[in-house]
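J.: Turn this into a model:
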Amino acid sequence: MPSVLGLMEQREARARQHLASRTEVLEQAQAEVDAARERVERARVGREELVSVLAEESPVDTPASVPSGREAAAAGGSIGLGAGHGERPPVWRSGMGEEVLSDLYREVFAAVVAASGPVNGVELTRAVGREAEIKNEVEKIRHRAYVLEKRGWLVRAEDGRFMPAPSAVGRGACPASAERPRPGASTA
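T.: From the prediction side, this is the model:
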């Protein structure tokens, strides 16, 4: 008759093998999910870049006729990942304040304005309350900062850090900016 201790050791060994097998399956599934998320994010960023290029090519007062994520989702009958993130920011013009920005663009702009100096993508991601340890989150926020830069709201230093564009924060154009001085090039 086998010993009770021997039976328990065999049972534990089988449980460890089962756990290792399930962990491997879980890691493979997680890798597939991560790859799928990356494909979705690349497609979303590509669409946003296309909209940005088309908007730059069209006259300033005439928006490009490319559906947003929300409109595309409504037309396709599914929920788009870009829904709820707001429309593209307008090209900055004299007298515009951050109130014309929508959703995440406003948060990104306000975080840059509130910073004590130029900020990088990771710092910006943390400032808007996202998890900076997740690469996709950092890239989403950095992409919005790039869009704000292209539209004249932000400027990017040579080291890649963002700061408010002097024109976008001067003379009451932006209420949040009136509370702090603009960062100088020496703070980069």
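J.: hey, where'd the helices end up in this structure?
T.: All helices of the chain, identified by DSSP state H, fall at 4-57, 69-76, 103-114, 121-127, 135-150, 166-169.
J.: Out of the ones you listed, flag the one nearest Ser94.
T.: Closest approach to Ser94 among the helices of the chain is made by helix 166-169 (7.5 Å; C-beta to C-beta). Every residue, glycine included, has its C-beta placed from N, CA and C.
J.: Next, the buried residues of the closest one.
T.: Residues of helix 166-169 classed as buried: Ala168, Val169 (neighbour count, 16 or more other C-beta atoms under 10 Å).
J.: now, of the helices of the chain, which is deepest in the fold?
T.: Of all these, helix 103-114 has the most neighbours on average by mean count of other C-beta atoms under 10 Å, namely a mean of 21.
J.: Now do it: distance to the chain's middle.
T.: Computed by C-alpha atoms, centre = their mean, to the nearest Å, the chain-centroid distance of helix 103-114 equals 12 Å.
J.: picking up where we left off before, quick one, which of the helices of the chain is nearest to Pro90?
T.: Among the helices of the chain, the nearest to Pro90 by C-beta to C-beta is helix 4-57 (9.1 Å).
J.: Now do the closest one and helix 135-150, the angle between them.
T.: In terms of direction (axes from the mean of the first three to the mean of the last three C-alpha atoms, to 10 degrees), helix 4-57 departs from helix 135-150 by 10 degrees.
J.: just for this structure, where's the confidence low?
T.: Residue ranges of the chain with pLDDT under 70: 1, 57-86, 170-188.
J.: if we go to 50?
T.: Applying pLDDT under 50 to the chain flags residues 60-85, 171-188.
J.: In contact with the residue nearest the centre of it: list those residues for me.
T.: Residue closest to the average C-alpha location in the chain (C-alpha atoms, centre = their mean): Lys140, at 1.8 Å. Contacts for Lys140 (C-beta atoms under 8 Å, 6 or more residues apart in numbering) come out as Glu41, Leu104, Arg130.
J.: I'd assumed His143 was in contact with the second one.
T.: Okay, so that is Leu104. No - the criterion here is C-beta atoms under 8 Å, and Leu104 misses it with His143 at 10.0 Å.
J.: quick one on the thing from earlier: let's have the contacts of Lys140 in TSV, adding distance to Thr23.
T.: TSV is the format used below for these (distance: C-beta to C-beta, whole Å):
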residue	distance to Thr23
Glu41	26
Leu104	36
Arg130	28
